[in-house]
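A.B. asks: Compute the structure for the input listed below.
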Amino acid sequence: MKNVLVVDDSVEILELIQLYLETSLNINNILKATSGSEAIEYLKTHQFSLIISDYQMPDGDGPSLYRYLKSNKIDTPFIFIGGDLPDHRDEELYLLHKPFGREELLKTIKAAMEDNSLNRPIA
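C.D. replies: Numbering: from 1, shown residues only. Just a heads-up that it's a prediction; the model follows:
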């Protein structure tokens with residue numbers, strides 16, 4: 001993976017995911033955003049191999065970020081994280097319920113990156 005974008009309004013969650021990515025997957029190109037609005041600004045100037053986003057945030061939530069991706073035809077593997085996630089079975093995304101552990105996160109990342117049904121390159 002080249003670049004990963006992690007979006008969460010909790011600095012602790014951002015740091016935890018960064019730690020898991022660095023130590024378990026040897027990913028060092030991680031950009032962090034504390035809102036969906038900040039993440040959209042990153043998307044205007046960067047390309048990502050994976051996006052992990054909190055579902056509920058005060059300034060631009062996860063669904064808004066996901067809609068931005070789809071409306072701009074940005075086909076990046078996307079993982080929603082959250083404590084109370086709605087059912088999204090018909091959409092091309094992955095859900096990870098909080099609290100989650102390292103193994104759950106890594107398994108979900110692997111599944112999202114290997115999903116060939118979306119016809120997207122794996123970086």
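
A.B. asks: what about residue 38, helix or strand, and which?
C.D. replies: helix 36-43 (DSSP states H and E).

A.B. asks: Walk me through which strands the following helix or strand past that helix pairs with, and which way each runs.
C.D. replies: Remark: after helix 36-43, the chain's next helix or strand is strand 50-54, criterion DSSP H and E. Note on strand 50-54: by DSSP bridges, its sheet partners are strand 4-7 (parallel), strand 78-82 (parallel).

A.B. asks: Pick the most deeply packed of those strands.
C.D. replies: strand 4-7 (a mean of 25; mean count of other C-beta atoms under 10 Å). Using the backbone N, CA and C atoms, a C-beta is placed for each residue, glycine as well.

A.B. asks: Send over that strand as CSV, restricted to the C-alpha atoms.
C.D. replies: Output in CSV follows, covering the C-alpha atoms of strand 4-7 (Å, rounded to 0.1, in the frame of the first residue of the first chain):
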residue,chain,number,x,y,z
VAL,A,4,-3.6,5.2,3.8
LEU,A,5,-6.0,7.8,5.1
VAL,A,6,-7.4,7.3,8.6
VAL,A,7,-10.3,9.5,9.7
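
A.B. asks: If anything else comes up later, I'll come back, but that's it for now.
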